[in-house]
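> structure for this input, please:
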Amino acid sequence: MFIELDKNSVVPVKKQLYDAITSKILKRELAKGERLPSTRELAGRLGIARNTVIEIYDQLTAEGYLEAYHGRGTFVAGEFDGAVPKDTLPEKRTGSSARRTRHRYRIDFTSGIPDLKSFPVKAWLRALKESIQEVAEDRLGYGSVLGYLPLRESLTRYLLRYKGISCSPEQVVIVNGTSDAMLLCALLFRQSVSDLMVESAVVSFVPDIFRMFGYNLIPLKIDQYGLCTKDLPPVEDGLIFCSPSHQFPLGGTLPIERRIQLTDYAEKYRNYIIENDYDSEFIYSGAQVNSLYQLTPGHVIHVGTFSKTLAPFLRLGYMVVPEELAPKVKELQSRLYRRVNTHMQMALHHLLEEGIYVKHVAAMRKRYKKKMQCMINALRDAFGDSIRIYGTNSGLHVAVVFPEPLFDAGSLRIFLKHKVSVDLLTDYTIHQQETCDTLILGFGNLEQNAIAEGARRLKAAVSELADMKGVSNWISTP
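Residues are numbered from 1 along each chain as shown. Next up, the predicted model:
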């Protein structure tokens, strides 16, 4: 691996080394699986401190470019999102006239997708194998409609430790993801409840499912902190859907004052709160937020998923229901003959019991935190202080608010023209709106180089849209 550093350059040596290695990987000059020189060897060859090489190797390993194996060395990692085909990269040029050739691949900022390359394949396969080998014969039947009992027992311990939820295994229901939980809730309450109070911007399958069963939707105002709880409508015996730990899509974490207002309201008007907790594991500063369930266990249905912490293909999630609802849920599940794949539940139980799941989540939290910071920096580099960025303390997406309502259905064509995919806030609003000023940008499945390049393309697309509407005076030029 030939690398040349210019020690007289204003660019720091660390940055030069980082750029040199990533460039060789992106151009395929360093092939997948190729072994890099040891830190001692490369430092000696370049005449720089070994700690500098160690720091860059560690950073590139954290970002997914490299893989390090104790006793074996450091190697180029497998394929990664945002990798650029060699023939689409510009040739190296010198002088101030050098300019970057636009890459041809599309960068996808669509929200809701975790880092799929980081799924713990080896641990999962081992868990599948060991769980089926160790299972007792009586566990191989149809199983409980509530889910695999050892998994539900493991979850009660996990929820108490990490979310402040104290419940019994009989209150835990294993489901095929959050949408399946919503279907179960809609069926459970359709004879007794007519109204669903729901955040005015929400993941789209929630209103779709409840509309299907004839519920009347009452949109509730939200802001950058989440659900606005001060002036809730006086609806008795209803349902409330919210995502207090990380509102989707604006990204706020509901303050404790609002949490208390909401739970007091639910108790006063005999409402049940469906609490969607889809990615609270990924909090980037401070402690993980506890559940609403902790404040009023008799009025909260807590819904969690493993789609963000592991991967969507597993179709594994869970509900924690109030004690008084547990028998009704079990009866409904029995009448519908509903069950979740037992083998998958066994494997998940294995990951929880062995501590593998907790370690994986901790590692991913660090990885996503770096991606979040990269996202913030890239957006600030592109748009400066002209934008507001919401939801930066948690999760796998941000909401970006622009000074003008530039975006409508036709805008997507402009974004695709610039080889970038985004979500609009209007994709998630209950009452359809023609235009909006907010983009929802997911970054979970993107590497940092793709995030940075994507932000540059976003600027080009937004600039074109602003020019079309004659409001481009706030967009700075490089």
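> name the residues of the helix or strand bottoming out on mean pLDDT in the chain that come out as buried.
Ranked by mean pLDDT, DSSP states H and E, the weakest helix or strand in the chain is helix 50-62, scoring a mean of 82. For helix 50-62, the neighbour count (16 or more other Cβ atoms under 10 Å) marks T52, V53, I56, Y57, Q59, L60 as buried. Every C-beta, even on glycine, is put in place using the N, C-alpha and C of the backbone.
> work out the gap between that helix and the centre of the chain.
26 Å (Cα atoms, centre = their mean, to the nearest Å).
> try stretch 281-295
In this view, stretch 281-295 has its centroid 15 Å away from the chain centroid, taken as Cα atoms, centre = their mean.
> measure it end to end?
19 Å (Cα to Cα, to the nearest Å).
> what is the mean pLDDT for the biggest helix by length in the chain?
Determined from DSSP state H, the single longest helix within the chain is helix 356-383. Mean pLDDT, helix 356-383: 95.
> list the helices and strands the helix or strand just after that helix packs on?
Proceeding N to C from helix 356-383, the next assigned helix or strand is strand 388-390, under DSSP states H and E. Applying 3 or more Cβ pairs under 8 Å, 6 or more residues apart in numbering; DSSP states H and E, we find strand 388-390 packed against strand 397-401.
> and the strand it packs on with helix 356-383, angle?
Angle of strand 397-401 versus helix 356-383, following axes from the mean of the first three to the mean of the last three Cα atoms, to 10 degrees, is 20 degrees.
> for strand 397-401, packing partners?
Under the contact rule (3+ Cβ pairs under 8 Å, 6+ apart), strand 397-401 is packed against helix 356-383, strand 388-390, strand 438-442.
> off-centre distance for the first one?
Spelled out, it's helix 356-383. 10 Å.
> could you give the angle of that helix to strand 438-442?
140 degrees.
> I'd say V206 and F241 touch.
Yes: V206 is within contact range of F241, at 5.8 Å (criterion: Cβ atoms under 8 Å).
> excluding its backbone neighbours, what's nearest R40?
R50 (5.7 Å; Cβ to Cβ, 6 or more residues apart in numbering).
> right, and that neighbour touches E41 too?
No: the criterion here is Cβ under 8 Å, and R50 misses it with E41 at 9.5 Å.
> phi, psi of G73?
phi 130, psi -170 (degrees, to the nearest 10).
> contact partners for the residue lying closest to it once chain neighbours are set aside?
Among residues not flanking G73 along the chain, R35 sits closest, at 5.2 Å (Cβ to Cβ, 6+ apart). Counting by Cβ atoms under 8 Å, 6 or more residues apart in numbering, R35 makes contact with G73, T74, F75.
> ok, now how distant is R35 from G44?
The gap separating R35 from G44 is 17 Å, by Cβ to Cβ, to the nearest Å.
> can you give me the strands in the stretch 51-200 of the chain?
Here the stretch 51-200 of the chain has its strands, by DSSP state E, counting those that start in this stretch, at 66-69, 73-76, 107-108, 172-175, 195-199.
> mind putting the ones you listed in a markdown table, mean neighbour count included?
Conversion of the strands of the stretch 51-200 of the chain to a markdown table gives the following (neighbours: other Cβ atoms under 10 Å):
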| stretch | mean neighbour count |
| --- | --- |
| strand 66-69 | 15 |
| strand 73-76 | 18 |
| strand 107-108 | 22 |
| strand 172-175 | 26 |
| strand 195-199 | 23 |
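> of the ones you listed, which is nearest I283?
For I283, the closest of the strands of the stretch 51-200 of the chain is strand 195-199, at 19.9 Å, according to Cβ to Cβ.
> for that closest one, packing partners?
Going by 3+ Cβ pairs under 8 Å, 6+ apart, strand 195-199 lies up against helix 205-212, strand 216-220, strand 239-242.
> what lines up beside that strand in the sheet?
Strand 195-199 sits in its sheet next to strand 216-220 (parallel), strand 239-242 (parallel), going by DSSP bridges.
> following the last one, which helix or strand comes up?
In this case it means strand 239-242. Counting by DSSP H and E, what follows strand 239-242 is helix 256-268.
> what does that next one contact?
225-230, 232, 240, 242, 244, 254, 271-273, 292, 295-296, 298-300.
> filter those to the buried ones?
By 16+ other Cβ under 10 Å, the contacts of helix 256-268 give 225-229, 232, 240, 242, 244, 254, 271-273, 292, 295-296, 299-300 as buried.
> just the ones of those residues in strands?
G226, L227, I240, C242, Y272, I273, V300 (DSSP state E).
> what's the spacing between the third one and L5?
For I240, the distance to L5 under the criterion Cβ to Cβ works out to 59 Å.
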